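Undergrad: Predicted coordinates and the sequence they were generated for:
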Amino acid sequence: MPERENRALNRQPAAAPQMESPPAAPEGRRQGLLIRLWRQRRLLLLVGDVSIVFTAVIVAYCVRFYSPWVVAVFPPVGPKIPPLEPFINAGMLLSLFWLVLIVNHGVYRADSRLVLSFSRQWRAMVLAGAYAFILLMAFGFIYREMLVSRLVYIIAFLVASLLWLLFHLGFRLLERTLGNHALLLEKVVFVGHPRRAEAFFSRLQDQNQPLKVLGLMAAGPPAGATLDPGGLPRLGTLEDIAAVQARTSFTTLFIIPDEEMNSHPVVPRDHLIETLNFCEERDIPVYIVPDAFGVAVASREVGALTGFPIIKLRDAALHPVYRIVKRVMDITLSVMILIVTLPLGGVIALAIKITSPGPVIYAQKRAGLQGRPFWMYKFRTMVADADERLREFVDFERLAEPVFNIRHDPRVTPLGRILRRWSLDELPQFLNVLLGDMSIVGPRPERVELVAVYNAWQRRRLKAKPGITGYQQVMDRGSLSLKRRTALDLYYLKRQNLWLDLFIMVKTVMVILRGDGLK
């Protein structure tokens, strides 16, 4: 390894672009000192959390026995107020329990801000607190002198949770402020394929992380992989890591595999071990971003099996509880809408019957969950023989991709244009929701003949019930690209939750009021 480092120090990659001039030495030293001090912030967080838990117990004691409102509702059992000493002992023991459990969840790791979201840290803290209070109560039954008021436990838990939230939110705000002023930035170098590295770089920019990406190193010699011009600065190869570190002083390394890593290993085994040794000696964290083929990976789905890292891959992140709640919401809202709009539906049906010959309700086979066909119902907005005339406007055999949209379709009746303008033709689809074929929010239901020629990537959008409205319909209605539509549908599938569904419903109302329509 020393010989490799000496060779790397004397070698400069010919294709590497000019890097920014390094900062002045005093400024660089001050920033480096700030980063080193900030990396020890977990010690300050630890001390702060212990103080919070201990303080919460004392505050809970004062509230329980000295607050007139609490005493009036929950009068003390004995004639006298119990002494403070048992509560101080309980507070110290509770702090110890809570601290051990929080440490076990990895909240105080130096890299916790990268690998643990704040919501995940919050859940870990609340769960650890609940377990800690259970342990304290169990300990109190064994040692009776440690058994204190259960109401004090409850108040202390609520106070500690609130103080912990404010304390860590303040730390996050300070960290973001320092990052925005370029005083605290992790200097990041990527190793791997340029295309995936630049895609990952874009995601980091979207998340507004306090990171400064310096450039990209190739995993192997330049002869083994051609680097495209442009994009991230090229810093050389992994064999040049010592020279790159000396030149850039990077503080974090991300290894990003290629989509074709089976035929082209991202990092040879020996190079990976040498890289880990090099980084560990300098306290530089190393991360691997596995190629998940663009599917959803939630934090709870990343784990280990017999010491090996494993990731559960899936497209549709549908939680069982969310599935039930969404179905209940679909049924409830559909029944309410159908009842409220029943008179309007009758007027629409009469108007359709008077203005054009043909049935009032139009039924067409559409592809549902997993591509299973179902009959979708709408108020008829076209002439009766619209399906027979479709071939006059669309040549299915010559479509560049299985999607089409006919602008100013002459088959649409004058009344149909009004119904489409206000999306009133879709009211019968709430019957499809009650039948379980559709949901109020979901991907757009497509024609069966189009879905039949989908490729594997396009069929991924069929992993949820189609919806009357959806993320794609309200965010990019005018797009004619199936790739764009599919990408938006997959975004919804990976992140679907009740809040996103409510956002889409509200957005749908805004789209209709603006007159954009949903088709």
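TA: Thanks, I have it.
Undergrad: Quick one: name whatever helix or strand follows the helix or strand hosting Val152.
TA: Mapping Val152 onto the secondary structure by DSSP states H and E places it in helix 150-180. Past helix 150-180, heading to the C-terminal end, the next element that is a helix or strand (DSSP H and E) is strand 186-192.
Undergrad: If you count contacts, what does that following strand end up packed against?
TA: Strand 186-192 sits against helix 194-207, strand 211-218, helix 241-248, strand 252-256, with contacts defined as 3 or more C-beta pairs under 8 Å, 6 or more residues apart in numbering; DSSP states H and E. C-beta here means a position set from N, CA and C on the backbone, and glycine is covered the same way.
Undergrad: any idea what sits nearest Leu84, other than its immediate chain neighbours?
TA: Using C-beta to C-beta, 6 or more residues apart in numbering and skipping the chain neighbours, the partner closest in space to Leu84 is Tyr61 (6.4 Å).
Undergrad: With just CA atoms, put stretch 199-206 into PDB.
TA: The C-alpha coordinates for stretch 199-206 follow below in PDB (Å, rounded to 0.1, in the frame of the first residue of the first chain):
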ATOM      1  CA  ALA A 199     -27.900  10.800 -11.300                       C
ATOM      2  CA  PHE A 200     -27.100  10.300  -7.600                       C
ATOM      3  CA  PHE A 201     -25.600  13.800  -7.500                       C
ATOM      4  CA  SER A 202     -28.800  15.300  -8.800                       C
ATOM      5  CA  ARG A 203     -30.800  13.500  -6.100                       C
ATOM      6  CA  LEU A 204     -28.500  14.900  -3.500                       C
ATOM      7  CA  GLN A 205     -29.000  18.400  -4.800                       C
ATOM      8  CA  ASP A 206     -32.800  17.900  -4.700                       C
END
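Undergrad: how far does that stretch sit from the chain's center?
TA: Stretch 199-206 has its average C-alpha position 13 Å from the chain's average C-alpha position, going by C-alpha atoms, centre = their mean, to the nearest Å.
Undergrad: Do me a favour and average the pLDDT over it.
TA: pLDDT averaged over stretch 199-206 equals 71, rounded to a whole number.
Undergrad: What are the buried residues along that stretch?
TA: Of the residues in stretch 199-206, Phe200, Phe201 count as buried by neighbour count, 16 or more other C-beta atoms under 10 Å.
Undergrad: what sits up against it?
TA: Contacts with stretch 199-206, where a contact means C-beta atoms under 8 Å, 6 or more residues apart in numbering, come from Phe190, Leu211, Val213, Leu232, Phe254, Ile256, Val289.
Undergrad: again with stretch 373-383
TA: The contact list for stretch 373-383 (C-beta under 8 Å, 6+ apart) reads 345, 348-349, 352, 356, 358-368, 389, 409, 411-413, 415-417, 419-420, 424-429, 431-432, 435, 437-438, 445, 448.
Undergrad: just checking, which of those belong to helices?
TA: 345, 348-349, 352, 389, 415-417, 419-420, 429, 431-432, 435, 448 (DSSP state H).
Undergrad: Which residue ranges of this structure form strands?
TA: Per DSSP state E, the chain has strands spanning 186-192, 211-218, 234-237, 252-256, 286-288, 302-305, 308-311, 361-367, 373-379, 439-441, 467-469. These are given in chain order.
Undergrad: in its sheet, what does the fifth one sit against?
TA: Its sheet considered, strand 286-288 pairs with strand 252-256 (parallel) by DSSP bridges.
Undergrad: now the contacts of stretch 199-206 as JSON lines including distance to Arg398?
TA: Written out in JSON lines, the entries for the contacts of stretch 199-206 read as follows (distance: C-beta to C-beta, whole Å):
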{"residue": "Phe190", "distance to Arg398": "42"}
{"residue": "Leu211", "distance to Arg398": "47"}
{"residue": "Val213", "distance to Arg398": "44"}
{"residue": "Leu232", "distance to Arg398": "40"}
{"residue": "Phe254", "distance to Arg398": "44"}
{"residue": "Ile256", "distance to Arg398": "39"}
{"residue": "Val289", "distance to Arg398": "40"}
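Undergrad: Name the residues of stretch 352-363 that are buried.
TA: Neighbour-count burial for stretch 352-363, with 16+ other C-beta under 10 Å as criterion, is recorded at Ile352, Ser356, Tyr362.
Undergrad: Straight-line length of it, end to end?
TA: Taking C-alpha to C-alpha, to the nearest Å as the measure, stretch 352-363 stretches 15 Å from start to finish.
Undergrad: Over to stretch 216-235?
TA: Between the opening and closing residues of stretch 216-235 lies a distance of 6 Å (C-alpha to C-alpha).
Undergrad: What of stretch 67-85?
TA: Across stretch 67-85, first to last residue, C-alpha to C-alpha, it's 19 Å.
Undergrad: List of residues touching it?
TA: Residues lying outside stretch 67-85 but in contact with it, judged by C-beta under 8 Å, 6+ apart, are Ile58, Tyr61, Val63, Arg64, Phe65, Tyr66, Val148, Ser149, Leu151.
Undergrad: Cool, thanks, talk later.
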